[in-house]
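Trainee: Fold the following for me, if possible:
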Amino acid sequence: MLGRHREREEETMEEKMQRIISWLKEIDKSEHIPEFEVDARTIDILHKIVECSEDVDRDISLLIKDVEERTTECEAETTRLQNILTEILGLNPSDVSGKANSYLEVLVECAMALETKDTSISSLFCAMADTSVALCETELKNQELEAELNKMGKILPAVLMLEQQLKEDLKKAEEQLERDKAKTDRQSRNLKFLKDKMEDFKVRISAAEEKLAELGLEQSLMHVSLVLLSQKLADTNKEIEALEKDVSAFLDLPPNPSMVQVRIEEVKQQLNTVEAELTKEISRMVVDMVEPRRSLQ
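Mentor: Here you go, the predicted model:
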């Protein structure tokens with residue numbers, strides 16, 4: 001086969017063309033050949049078709065020959081069996097009863113169903129044994145499949161419940177995601193609103209501070225200065241509380257009039273100093289706040 005393919009590959013374009021024409025004449029059974037475009041590609045395609053057709057014809061010829069040989073063998077075997085029935089057993093096929101013919105037909109059908117080479121008892125028993133083994137194997141496989149099916153049937157409700165639970169959880173998660181998204185959008189809008197307001201307040205505060213500066217308001221009365229003064233006042237109050245704790249600690253000492261009197265005087269002086277500074281600072285702030293108002297009036 002390989003040598004034949006190599007020989008075909010070595011064929012020239014003219015030889016291929018000659019084979020194609022001969023094949024077309026054989027198919028058409030006439031001298032008329034269908035027109036086709038003559039080029040290298042068309043010739044190669046037609047040449048491959050010719051090769052496939054010849055291979056198929058060859059295979060068919062071999063198959064027909066094999067069938068004919070088997071037919072001849074069957075006819076010879078039939079003649080031999082008829083001779084045995086006629087000469088040895090003295091039975092004429094035409095004398096066989098209808099019931100016997102039906103039995104023979106059943107026997108033949110059984111042999112064909114079991115795919116035996118003949119209708120002998122050994123062949124039938126062997127085929128029946130093989131069929132029984134195949135049947136047992138099939139039943140065993142069916143039992144295994146049934147057991148597996150029952151096992152899957154027991155697991156299936158749990159799987160379906162789990163699937164339903166997963167669907168519900170997924171639905172809840174999607175709903176929660178929608179709520180979180182809406183909440184995030186609302187917070188984002190609020191944040192944007194607050195940022196815009198903050199920028200607006202900054203602009204308005206800056207404009208007010210500039211206007212107050214033009215009117216002669218001191219920087220000490222601005223918001224930042226007032227916050228610093230408030231912190232300073234809170235620190236001063238803490239110092240006063242610390243001093244009062246120190247004074248209360250001296251109250252528990254044994255009586256020593258001279259030392260106690262000296263310490264009390266020192267504490268009073270510190271308190272008076274702090275109060276004087278605080279009063280002075282508050283007075284200054286009040287004066288600074290009143291003067292711009294008068295100028296505005």
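Trainee: Mind listing what's buried along stretch 15-31?
Mentor: Buried positions in stretch 15-31, judged by neighbour count with 16 or more other C-beta atoms under 10 Å: 16, 19, 20, 23, 24. (C-beta placed from N, C-alpha, C; glycine too.)
Trainee: closest to residue 129 among the residues you listed?
Mentor: Of all the buried residues of stretch 15-31, residue 23 has the smallest distance to residue 129: 52.3 Å, by C-beta to C-beta.
Trainee: Please report the distance of that closest one from residue 196.
Mentor: 90 Å (C-beta to C-beta, to the nearest Å).
Trainee: In strands only, show me the buried residues of stretch 15-31.
Mentor: Secondary structure defined by DSSP state E assigns none of those to strands.
Trainee: pLDDT added to these, as a markdown table?
Mentor: Listed next are the buried residues of stretch 15-31 as a markdown table, based on pLDDT from 0 to 100:
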| residue | pLDDT |
| --- | --- |
| 16 | 81 |
| 19 | 82 |
| 20 | 80 |
| 23 | 80 |
| 24 | 77 |
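Trainee: Kindly reformat those residues as TSV containing distance to residue 115.
Mentor: Listed next are the buried residues of stretch 15-31 as TSV, based on distance: C-beta to C-beta, whole Å:
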residue	distance to residue 115
16	46
19	43
20	44
23	40
24	43
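Trainee: And the strand or helix carrying residue 66, how far out from the chain middle?
Mentor: Using DSSP states H and E, residue 66 sits within helix 40-83. Centroid separation for helix 40-83 versus its chain: 55 Å, with C-alpha atoms, centre = their mean, to the nearest Å.
Trainee: CA atoms only: put the helix or strand that comes right after it into PDB for me.
Mentor: With elements assigned by DSSP H and E, the helix or strand that comes after helix 40-83 is helix 98-114. Provided in PDB are the C-alpha atoms of helix 98-114 (Å, rounded to 0.1, in the frame of the first residue of the first chain):
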ATOM      1  CA  GLY A  98     -43.800 -28.800  10.000                       C
ATOM      2  CA  LYS A  99     -43.200 -29.100  13.800                       C
ATOM      3  CA  ALA A 100     -39.700 -30.300  13.100                       C
ATOM      4  CA  ASN A 101     -39.100 -27.400  10.700                       C
ATOM      5  CA  SER A 102     -40.300 -25.000  13.300                       C
ATOM      6  CA  TYR A 103     -37.900 -26.500  15.800                       C
ATOM      7  CA  LEU A 104     -35.000 -26.200  13.300                       C
ATOM      8  CA  GLU A 105     -35.900 -22.600  12.600                       C
ATOM      9  CA  VAL A 106     -35.900 -21.900  16.300                       C
ATOM     10  CA  LEU A 107     -32.500 -23.600  16.600                       C
ATOM     11  CA  VAL A 108     -31.200 -21.500  13.800                       C
ATOM     12  CA  GLU A 109     -32.600 -18.300  15.300                       C
ATOM     13  CA  CYS A 110     -31.000 -19.200  18.600                       C
ATOM     14  CA  ALA A 111     -27.600 -19.800  16.900                       C
ATOM     15  CA  MET A 112     -27.900 -16.500  15.100                       C
ATOM     16  CA  ALA A 113     -28.900 -14.700  18.300                       C
ATOM     17  CA  LEU A 114     -26.000 -16.300  20.200                       C
END
